[in-house]
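Student: Below: sequence and its predicted model.
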Amino acid sequence: SIATAPPIEFAQRHVSKGLARLSEDVIERAEGSWVTFRGGRTVLDFTCGIGVTNLGHCHPKVSKAAAEQCLNLVHGQCGIAYHEPYLRLIERLLTIVPHASLDSFFFANSGSEAVEAALKMARGITRKQNIVAMQGAFHGRTFGAMAVTKSKTVYADGSSPLMPGVVTSPFPYWHHFNSAPGADDAELVRASLYQLELLLLQQSAPSDTAAVIVEPVLGEGGYVPAPPAFLQGLRDICDKNGLLLIIDEVQSGFGRTGRMFNIQYSGVRPDLLIMAKGLANGFPLSAVVSPKDLTDKLKPGTMVRLPSTPIEVADAFQEERILENVNARSAELFEALWALKADPTVGPHILDVRGQGLMVAVEFASPAHSQFDPAVQKKTPPSMSMRVSKRCLEKGLLLLTTSIYETVRFIPALNISPEDLGKGIGIFKEAVEEVIH
Ligand code: PMP
């Protein structure tokens, strides 16, 4: 029971050091936007497990469906036979996929596994080897996913050699061009696409290149939405050169940015669409969806894997008008953050406010930050975002940072109430002010 669970020293002794976390507290239970630590302290959760519990913790319908399913069929044996929930889930997902061509499903347990599967499918379908990944990308922790992850070197520390054949192309984020916030999007897009075209001429011939993999909103790499023209440009380059376009919506999907999938903003058609996290609101499930004529090129037996909770998730989006809430709360959050940026004392410490829906970032211009002088950054490790995040937790708000830049990210539950959002914003403002002074 909770009362007899081992103390924190036990956790520190026996949980792998390789696993980093925001807090050393022990979570006892969680409900909606709130998490309760051992001892009874309750904090507001603006992380949602990095965009997993999009409908809040322990959504009653999702939890009930899971409990009922457990009494009926736990292991679906998908490598042995079809099973009922599997087919009902596909039927439901077909009504929300962002493009009518996406009609063939492969399920796995985690985002990383689905990325792994998508890479394997891209190679198996095209019979080509190389993969183009984006600078700043995060795709997961398994070996293939790690090879296409380009946001922080620590993710692959000691793991080389990684999967060969991965080349990196710039994502249109001003940091990647040693530029500054407010840089002309059209120019960043033009430069990024030009680099990709050069790459296909200089480093990885189209005849050797299977696919381009991209997050439509850079997640771990800084919460940077790709301008639609960039994604459209990628689609064109892929079409022109016979490459598949893999869209990773593990973090940006399932309503996070105000549409069911972010790719709907640009209208771009993915060849392989990866979804996970919000798909089952905390239960381990991911999927790769693609057109049937592509997956028909795979030999049966190439892929094997394993779902009723996600059906409730999809239903909740309709019944509880989740997307309407995302867009209304998003407008309030942006308004508050822009007001903070315009504030004469706090504003100069904020470099950028950006994002889409409830996938929102504030990037600080801390004294440690100097994009033009890496030596300064080396001597003084980035600290403002960490200090703000730590102060927020002390004041009752879980708030995550991102990769190597001075950025904190807001990932509240998509059904968060205006009151709870306001509380979180209030804590954040106080934390920033306290860190500055
Ligand atoms: N892709 C993206 C865009 C992600 O944000 C993540 C997880 N943060 C993953 C893949 C990996 O997913 P998982 O942690 O479920 O393996």
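Tutor: Here it is on my side, so go on.
Student: what comes up buried for stretch 80-100?
Tutor: 85, 86, 89, 90, 93, 97, 98, 99 (16 or more other Cβ atoms under 10 Å). Quick note: C-beta positions are derived from backbone N, CA and C, even for glycine.
Student: how about CSV for the residues you listed, with pLDDT and secondary structure added?
Tutor: CSV is the format used below for these (pLDDT from 0 to 100; DSSP: H, G, I helix; E, B strand; the rest coil):
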residue, pLDDT, secondary structure
85, 89, helix
86, 89, helix
89, 93, helix
90, 95, helix
93, 96, helix
97, 97, coil
98, 97, coil
99, 96, coil
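Student: what's the closest of those residues to the ligand?
Tutor: Distance to the ligand across the buried residues of stretch 80-100 (Cβ to the nearest ligand atom) is lowest for residue 98, with 15.8 Å.
Student: The closest residue to that closest one other than its chain neighbours: what's it in contact with?
Tutor: Counting by Cβ to Cβ, 6 or more residues apart in numbering, residue 98 lies nearest to residue 261, which is 4.2 Å off, once chain neighbours are set aside. Remark: with contacts taken as Cβ atoms under 8 Å, 6 or more residues apart in numbering, residue 261 is in contact with 97, 98, 249, 252, 253, 254, 273, 275.
Student: What residues does this structure have near the ligand?
Tutor: When proximity is defined by Cβ under 6 Å from any ligand atom, the chain lies next to the ligand at 50, 110-112, 115, 138-140, 215, 219-220, 248, 250-251, 276.
Student: For the protein, which residue gets nearest to the ligand?
Tutor: Nearest to the ligand in the chain, going by Cβ to the nearest ligand atom, is residue 111, at a distance of 2.1 Å.
Student: what number of residues lie near that residue?
Tutor: Counted by other Cβ atoms under 10 Å, the residues lying close to residue 111 total 29.
Student: quick one: contacts for it?
Tutor: Counting by Cβ under 8 Å, 6+ apart, residue 111 has contacts 139, 140, 145, 248, 250, 251, 274, 276, 277, 286.
Student: The fifth one reaches residue 275, doesn't it?
Tutor: Yes - because the distance of 6.6 Å satisfies Cβ atoms under 8 Å, residue 250 is recorded as touching residue 275.
Student: Quick check: neighbours shared by these two?
Tutor: Counting by Cβ under 8 Å, 6+ apart, the residues touching both residue 250 and residue 275 are 114, 286.
Student: Just to be sure, residue 354 is in a strand?
Tutor: Yes - looking at residue 354 with DSSP: H, G, I helix; E, B strand; the rest coil, it is inside a strand.
Student: Roughly how far does residue 394 sit from residue 364?
Tutor: 18 Å (Cβ to Cβ, to the nearest Å).
Student: quick one: which of these two has more around it?
Tutor: residue 364 (25 against 11).
Student: Can you pull the phi and psi angles for the more buried one?
Tutor: With angles defined as degrees, to the nearest 10, residue 364 sits at phi -90, psi 150.
Student: right, and it touches residue 406 too?
Tutor: Yes - the pair residue 364 / residue 406 is scored as a contact, 4.2 Å apart, by Cβ under 8 Å.
Student: Find the residues that touch each one of these two.
Tutor: Common neighbours of residue 364 and residue 406 (Cβ under 8 Å, 6+ apart) are 351, 384, 385.
Student: What is the lowest-pLDDT residue among those residues?
Tutor: Looking at pLDDT alone, the shared contacts of residue 364 and residue 406 dip lowest at residue 384, where the score is 89.
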